[in-house]
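Visitor: Okay, structure incoming, though there's no sequence with it:
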């Protein structure tokens, strides 16, 4: 996706395996811009040639579940 920003992810109703929620032990980090980044291992959510996949979660989407507002954007 870095090489081609026109690539997107989506799930259709016909997909045999659908993503419902992140795992309790999901890998994540907070980037330099203080955004939550969810990380999936290679092959977990995309073809293997794409390597590990990361998704930046908009802070507005998680504000109601954050413990506090310190160190977030």
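Guide: It's in. As the structure is a prediction and not an experimental result, all values here were calculated from the model.
Visitor: Flag the shaky bits of the chain, pLDDT-wise.
Guide: For the chain, residues meeting the criterion pLDDT under 70 lie at 1, 8-12, 15-19, 69-73.
Visitor: Show me where it has its helices.
Guide: 59-62 (DSSP state H).
Visitor: Strands along that one, start to end?
Guide: 27-30, 36-40, 53-57 (DSSP state E).
Visitor: for these, which one ends up most surrounded?
Guide: Highest mean neighbour count of those: strand 36-40, a mean of 16 (counted as mean count of other Cβ atoms under 10 Å). Using the backbone N, CA and C atoms, a C-beta is placed for each residue, glycine as well.
Visitor: what bridges to residue 38?
Guide: Note on residue 38: beta-bridge partners by DSSP bridges are residue 28, residue 55.
Visitor: That one touches residue 57, doesn't it?
Guide: Yes. With contact defined as Cβ atoms under 8 Å, residue 38 counts as touching residue 57 (6.1 Å).
Visitor: OK, contacts around residue 29?
Guide: Residues in contact with residue 29 (Cβ atoms under 8 Å, 6 or more residues apart in numbering) are 37, 39.
Visitor: and it, how far is that from residue 38?
Guide: Distance of residue 29 to residue 38, given as Cβ to Cβ, to the nearest Å: 9 Å.
Visitor: same thing with residue 60?
Guide: 16 Å.
Visitor: cool, residue 27 as well?
Guide: Going from residue 27 to residue 38 by Cβ to Cβ gives 8 Å.
Visitor: And for residue 34, the neighbour number?
Guide: By the measure other Cβ atoms under 10 Å, the count of residues near residue 34 is 11.
Visitor: whoops, residue 32 was the one
Guide: Residue 32: 5 surrounding residues under other Cβ under 10 Å.
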